[in-house]
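Participant: just need the structure, nothing else, for what follows:
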Amino acid sequence: MTRSQRIALLAGAGDLPLIWARAAREKGREVYVYNLVERVNSLLEESADQVKTVKVGLLDELIATLLADGIEELVMIGSIDKTMLFQGVQLDRRFQLLLAGLENLNNDSILSGIVNEFTQAGLQVLPQSIYLEELLASAGILSSQQPDEQLLSDLQFAFKIAREIGRLDIGQTVVVQNRTVLAVETIEGTDQAITRGGELAGPGVVVAKVAKAGQDFRFDLPVVGEGTLNTLIAVKARGLVVEAGSTLIIDKENFLKRAEENGIVVAALKGE
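Facilitator: Reported below is the predicted structural model:
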């Protein structure tokens, strides 16, 4: 294969890197995987042309490795525990200088800085949705069960609040019940926020997960999958609303089927 057919996957945890790798190979791409975390899907190696493990804090070494492997394009997919940056992970000089030059150390700022480093090195970072367009949520009530007036009100309210916290760059997820905000996602992640909200209110919560205003889909496209659904089921949630056209639903058919079986209405609304 030519260099133009080669593409790098910087892989975090979860099923999405494997799904993406398989989709990219179906499109004729030669997939080079660079594992950024220890808990990478064990099946990923079977769906890649090359697999290497790299240390997430050694940015200079990572870029040098990508260039040496003839990489010109890359995607960044999979979850990475963002608290690692605050828990003694080794950072090289390049990464330290990147952080020192940022106005704040929120997730988007750090990832945007990393993308800029890749770009300056001649590497093109592609949107996470490339080859996964069929997994994007379409607008409407996605489950066959229709929401009653109270649930619809909570879905709309949760969506509005989630977009507002996204605008403030706090997180992407909120948990509500009876138009009352119970939990807001911070650095701990979506599932932990849902669990907190469920513990406070008990059964019947509604969860919203949306893209942030001006979201850079090269590194932070909202995703819901089996893990999120299991958490929703565990807290006996009543509804989930995501943003249409900018949220990936992993294994969409089974996701919606299981949600329905557990009394969870799934909706996708359009952002302004």
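Participant: quick one: G171 and A208, what's the gap?
Facilitator: To A208, G171 is 11 Å away according to C-beta to C-beta, to the nearest Å. Yep, even glycine has a C-beta here, placed from its N, CA and C like the rest.
Participant: repeat for E26
Facilitator: 32 Å.
Participant: ok, now G202?
Facilitator: 19 Å.
Participant: cool, and R163?
Facilitator: Relative to A208, R163 is positioned 8 Å away (C-beta to C-beta).
Participant: these two: who's more crowded?
Facilitator: Between R163 and A208, A208 has the larger neighbour count (other C-beta atoms under 10 Å), namely 29 against 20.
Participant: wait, doesn't that one sit right on V176?
Facilitator: Yes: applying C-beta atoms under 8 Å as the test, A208 and V176 come out as touching, 7.5 Å apart.
Participant: shared neighbours, the two?
Facilitator: Both A208 and V176 are contacted by A158, I161, under the criterion C-beta atoms under 8 Å, 6 or more residues apart in numbering.
Participant: starting at the chain centroid, how far to stretch 201-213?
Facilitator: Mean C-alpha position of stretch 201-213 versus that of the full chain (C-alpha atoms, centre = their mean, to the nearest Å) differs by 15 Å.
Participant: would you mind measuring the gap between the ends of it?
Facilitator: Terminal residues of stretch 201-213 are spaced 28 Å apart (C-alpha to C-alpha, to the nearest Å).
Participant: with stretch 244-252 instead?
Facilitator: First-to-last residue span, stretch 244-252, C-alpha to C-alpha: 13 Å.
Participant: what does stretch 5-18 give?
Facilitator: 18 Å.
Participant: and it, which residues are buried?
Facilitator: Of the residues in stretch 5-18, 6-18 count as buried by neighbour count, 16 or more other C-beta atoms under 10 Å.
Participant: which one among those gets closest to K270?
Facilitator: Proximity of the buried residues of stretch 5-18 to K270 (C-beta to C-beta) peaks at L16, which lies at 23.2 Å.
Participant: I would like the residues contacting stretch 100-120, please.
Facilitator: Against stretch 100-120 from outside (C-beta under 8 Å, 6+ apart): 59, 63, 66, 74, 76, 82, 85, 94, 98-99, 124-125, 169, 187, 212, 216, 218-220.
Participant: where along the stretch 1-150 of the chain do the strands fall?
Facilitator: Residue ranges of the strands in the stretch 1-150 of the chain, as given by DSSP state E, counting those that start in this stretch, are 6-11, 30-35, 50-53, 73-77, 124-125, 140-141.
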